[in-house]
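A.B. asks: when you get a sec, could you give me coordinates for this:
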Amino acid sequence: MRAVFSILTAFSLSQPAVADTPRVVTDVAPIHSLVARVMEGIGTPDLILPPGASPHGYAMRPSEVRAISSADVIIWVGPALTPWLADTLDTLAPDAQQLELMEAAGVTHLPFRTGAMFDAHDDHDHDGHAEEASHDDHENHNAHDDHDKHDAHDDHEKHDGHDAHEAHDAQDAHDDHDHAHGAEDPHIWLDPHNGQAILMAISNSLADADPQNADLYRDNAAAGARELKEIEAKIRARLDPLQGRPFIVFHDAYHYFEARFGIEAIAAISLADGGAASAGHLAEVRDTVAATGARCALIEPEAREGLIDAVFAEADIRMESVHPLGLESDLGLALYGQLLMQTSEAIARCLAD
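C.D. replies: Got it, this is the predicted structure:
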């Protein structure tokens, strides 16, 4: 672990904000960490959702409302992750520059997975976009300024499935676990290639808002991208020998990480959008565990014990804790790298012989 933390040293320092730099607000902790990396030596971003809060539904505190109201730049994943936040941003900060990362250049998308047993996703072209998201020098940065928006984002119909979140209290709504057709999984930060693309998108956005510090933003982003490549190599070496071993997740939020490293889960107890599972779904997951011989489950600290018991009551199972927003409560530069490493270590322990 000492070697791992040496890679993360550049994530571990923060500098005081300088006058006249933009006030930047972010939505969730991993994005806050990436923004902090790009702003190192210039300023510090604010965070809307504190560690432990669910992005799928949250009542903001007065301090968070004030932060949005005074923001010059807002950097967030998008309404697919926090549907309640879209109207809030437009109301509280109508003049702020917004960067919606689901629409950022170079960010690869995966669809929501449906059903109790996941299909293999061999058709995902994850290796094909490595060069697209790799930015070791400044020649690649200018290309982002003129990059067209993805065709999939010409409208927001794909987010319609989230308008019905309130209906998720009814068990019947989950018998088929259908998201809107073509809806995209918003947990984009869990692919380190997306992390690299996000760093570049952040640097371009901040350079537009603060041209005086444009070179430093872009230098920081390029350095952060190189650090993520090193972290990815360590994770790949750790997980490559474990490919093909079946496991399930409590919350279907790790698709991007799984697909990047070739260790995809076979089923999830809860849905990616935070919706509750029906009794029928739990029975199907229990049958999937029995049929595949899965003995590994990735759970989250807030996981309901009753749901876990319903699936594993008769199975000898090994459980490891993970969280898509990070298990650590300390915010800042280190969090994003730690999140990737913690996820890989939890999976490695869970799948070990």
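A.B. asks: chain center to stretch 215-230: distance?
C.D. replies: How far stretch 215-230 lies from its chain's middle: 19 Å, per Cα atoms, centre = their mean, to the nearest Å.
A.B. asks: typo on my end, stretch 66-77
C.D. replies: For stretch 66-77, the distance to the chain centre is 19 Å (Cα atoms, centre = their mean).
A.B. asks: touching it from outside, list them.
C.D. replies: Around stretch 66-77, the neighbours that count as contacts under Cβ atoms under 8 Å, 6 or more residues apart in numbering are 22-28, 31, 35, 45-46, 48, 55, 60, 82, 85, 88-89, 92-93, 96-102, 186, 188-189, 202, 205-206, 209. For the C-beta atoms, the positions are set from N, CA and C on the backbone; glycine is no exception.
A.B. asks: also stretch 237-252?
C.D. replies: Identification of contacts with stretch 237-252 by Cβ under 8 Å, 6+ apart yields 112-113, 261-263, 265-272, 274, 285, 288-289, 292-300, 303, 307-308, 311, 322, 324, 344-345, 347-348, 350-352.
A.B. asks: could you redo the last one with a cut-off of 6 Å?
C.D. replies: By Cβ atoms under 6 Å, 6 or more residues apart in numbering, the residues outside stretch 237-252 that reach it are 113, 261-263, 265-272, 292, 294, 296-300, 303, 344, 348, 351.
A.B. asks: show me which of these are buried.
C.D. replies: Taking 16 or more other Cβ atoms under 10 Å as the criterion, what is buried in the contacts of stretch 237-252 is 113, 261, 263, 265-272, 294, 296-300, 303, 344, 348, 351.
A.B. asks: now the strands for the stretch 51-200 of the chain?
C.D. replies: Listed in chain order, the strands of the stretch 51-200 of the chain (DSSP state E, counting those that start in this stretch) span 73-76, 97-100.
A.B. asks: among those, which is the most enclosed?
C.D. replies: strand 73-76 (a mean of 24; mean count of other Cβ atoms under 10 Å).
A.B. asks: partner strands of that one, with direction?
C.D. replies: Here strand 73-76 has these sheet partners by DSSP bridges: strand 24-26 (parallel), strand 97-100 (parallel).
A.B. asks: tell me how far the following helix or strand past the first one lies from the chain's centre.
C.D. replies: Going down the chain from strand 24-26, the next helix or strand is helix 29-38, by DSSP states H and E. Taking the mean C-alpha point of helix 29-38 and that of its whole chain, the gap between them comes to 12 Å (Cα atoms, centre = their mean).
A.B. asks: which elements pack onto helix 29-38?
C.D. replies: The contact analysis (3 or more Cβ pairs under 6 Å, 6 or more residues apart in numbering; DSSP states H and E) places helix 29-38 against helix 192-209, helix 214-239, helix 334-351.
A.B. asks: among those, which is nearest Phe118?
C.D. replies: Of all those, it is helix 334-351 that lies closest to Phe118, at 15.5 Å by Cβ to Cβ.
A.B. asks: list the buried residues in that closest one.
C.D. replies: Buried residues in helix 334-351 (16+ other Cβ under 10 Å): 334-348, 350-351.
A.B. asks: show me this protein divided up by domain.
C.D. replies: Per automatic domain parsing, the domain ranges recorded for the chain read 2-240, 242-321.
A.B. asks: using TSV, please lay out those together with distance to Asp330.
C.D. replies: Listed next are the domains of the chain as TSV, based on distance: least, Cβ to Cβ, whole Å:
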stretch	distance to Asp330
domain 2-240	8
domain 242-321	16
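A.B. asks: rank these by pLDDT, which is bottom?
C.D. replies: Per-segment mean pLDDT for these reaches its minimum on domain 2-240, at a mean of 76.
A.B. asks: ok, back up a step: make CSV out of the helices and strands packed on helix 29-38 and add distance to Glu40.
C.D. replies: Formatted as CSV, those follow (distance: least, Cβ to Cβ, whole Å):
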stretch, distance to Glu40
helix 192-209, 11
helix 214-239, 5
helix 334-351, 12
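A.B. asks: so of those, which one's packed in deepest?
C.D. replies: The highest average neighbour count among those, using mean count of other Cβ under 10 Å, belongs to helix 192-209 at a mean of 26.
A.B. asks: which outside residues touch it?
C.D. replies: 22, 34-35, 38, 73, 97, 99, 101, 104, 106-107, 130, 133, 135, 144, 188, 214, 217-218, 221, 224-225, 228, 232, 340.
A.B. asks: likewise for stretch 299-306?
C.D. replies: By Cβ under 6 Å, 6+ apart, the residues outside stretch 299-306 that reach it are 250-251, 319, 321, 323.
A.B. asks: most neighbours, which of the residues you listed?
C.D. replies: Phe250 (25 neighbours; other Cβ atoms under 10 Å).
A.B. asks: pretty sure that residue sits in a strand.
C.D. replies: Yes: assignment of Phe250 by DSSP: H, G, I helix; E, B strand; the rest coil places it within a strand.
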